[in-house]
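[1] No sequence on hand, only this structure:
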């Protein structure tokens with residue numbers, strides 16, 4: 001009788017332990033590569049050792065059970081295995097919930113078409129960067145970018161092609177930016193970029209690199225119509241030289257510079273407060289050397 005009970009308890013311990021290991025494996029496989037994932041692999045290794053150790057203990061000791069008191073050790077093993085299995089299940093559910101919440105947060109902050117940040121997420125980043133610039137008296141610049149004649153693209157080739165143009169321009173913007181810069185689709189055919197630690201004159205060079213890249217490569221999004229027209233952008237640049245300047249006022253300055261670039265002929269960069277709008281040719285010598 002005692003031998004049968006021991007066998008049943010031992011089997012339950014092994015089943016619980018294997019279930020815990022399987023649950024933890026599901027949890028670990030969903031984690032990104034890094035220190036945390038490595039630590040979970042270590043825990044899995046300990047559970048595997050526990051399973052093998054108890055299996056060895058069960059085989060070696062099965063002839064020693066003579067009374068009910070001999071079941072105390074197996075019962076303790078069973079409760080330990082049940083505890084590990086329960087904790088593993090709870091942790092798996094918690095991790096899945098956290099990953100789901102994280103995914104929803106990422107989706108709520110991302111423009112579904114271009115993959116850039118959306119306006120809401122950009123505004124949050126803008127408040128943080130502006131506060132940092134004011135606190136530490138560091139330069140900060142803002143770029144507002146608008147695709148020239150985008151309505152004509154939609155009217156001529158359809159919204160599907162227009163979407164491809166938006167995607168391509170978004171990719172080109174990302175390719176031109178530094179790690180510290182933040183880009184977003186701000187609305188319609190308008191994009192915005194935060195350039196931390198960057199004075200307006202240096203941000204203008206960044207804007208010109210971006211403008212040149214769009215003029216060179218964005219027409220690929222038109223597909224078979226690429227030879228029919230070019231895709232260009234106009235860029236307005238504003239800087240927080242005045243630390244008392246509000247975020248709203250900087251956006252207004254960047255927008256004013258953008259519309260000045262539009263009035264001057266489009267496909268160019270305009271700096272807020274500058275005397276004139278610089279055509280692309282004037283940036284040639286500055287772009288010959290890396291500016292940042």
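    Right, received. Where do you want to start? Predicted, not measured: the structure shown is a model, and the values here were computed from it. Residues are numbered from 1 along each chain as shown.

[2] how does this protein divide into domains?
    Domains of the chain are assigned by automatic domain parsing as 2-108, 119-287.

[3] Could you identify which of those has the lowest mean pLDDT?
    Lowest mean pLDDT within the domains of the chain: domain 2-108, at a mean of 67.

[4] Can you name the residues that contact the closest residue to residue 121 other than its chain neighbours?
    In space, residue 121 comes closest to residue 109 once its chain neighbours are excluded; the distance is 3.6 Å by CB to CB, 6 or more residues apart in numbering. The way it works is simple: take the backbone N, C-alpha and C, and place the C-beta from them, glycine included. By CB atoms under 8 Å, 6 or more residues apart in numbering, the contact set of residue 109 is 117-118, 120-121.

[5] would you list these in JSON lines and tack on neighbour count?
    JSON lines is the format used below for the contacts of residue 109 (neighbours: other CB atoms under 10 Å):
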{"residue": "117", "neighbour count": "21"}
{"residue": "118", "neighbour count": "19"}
{"residue": "120", "neighbour count": "10"}
{"residue": "121", "neighbour count": "18"}
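
[6] biggest separation within those residues, which pair?
    Distance extremes for those: the farthest pair is 117 and 120 at 8.4 Å, using CB to CB.

[7] Residue 129: what's it in contact with?
    140, 182, 194, 196.

[8] going on from whatever helix or strand residue 216 lives in, what's the next piece of helix or strand?
    Per DSSP states H and E, residue 216 falls inside helix 200-217. Next along the chain after helix 200-217, taking DSSP H and E as the criterion, comes strand 233-239.

[9] so what does that next one touch, helix or strand wise?
    Applying 3 or more CB pairs under 8 Å, 6 or more residues apart in numbering; DSSP states H and E, we find strand 233-239 packed against strand 140-147, helix 200-217, helix 247-263, strand 269-271.

[10] got the angle for that strand vs strand 140-147?
    For strand 233-239 against strand 140-147, the angle by axes from the mean of the first three to the mean of the last three CA atoms, to 10 degrees is 160 degrees.

[11] and the angle from strand 233-239 to helix 200-217?
    170 degrees.

[12] Okay, angle between strand 233-239 and helix 247-263 too, please.
    For strand 233-239 against helix 247-263, the angle by the same axes, to 10 degrees is 140 degrees.

[13] ok, so what distance separates residue 254 from residue 144?
    Separation of residue 254 from residue 144 (CB to CB, to the nearest Å): 4 Å.

[14] list residues touching both of these two?
    Listed contacts common to residue 254 and residue 144 are 192, 236, 238; contacts here mean CB under 8 Å, 6+ apart.
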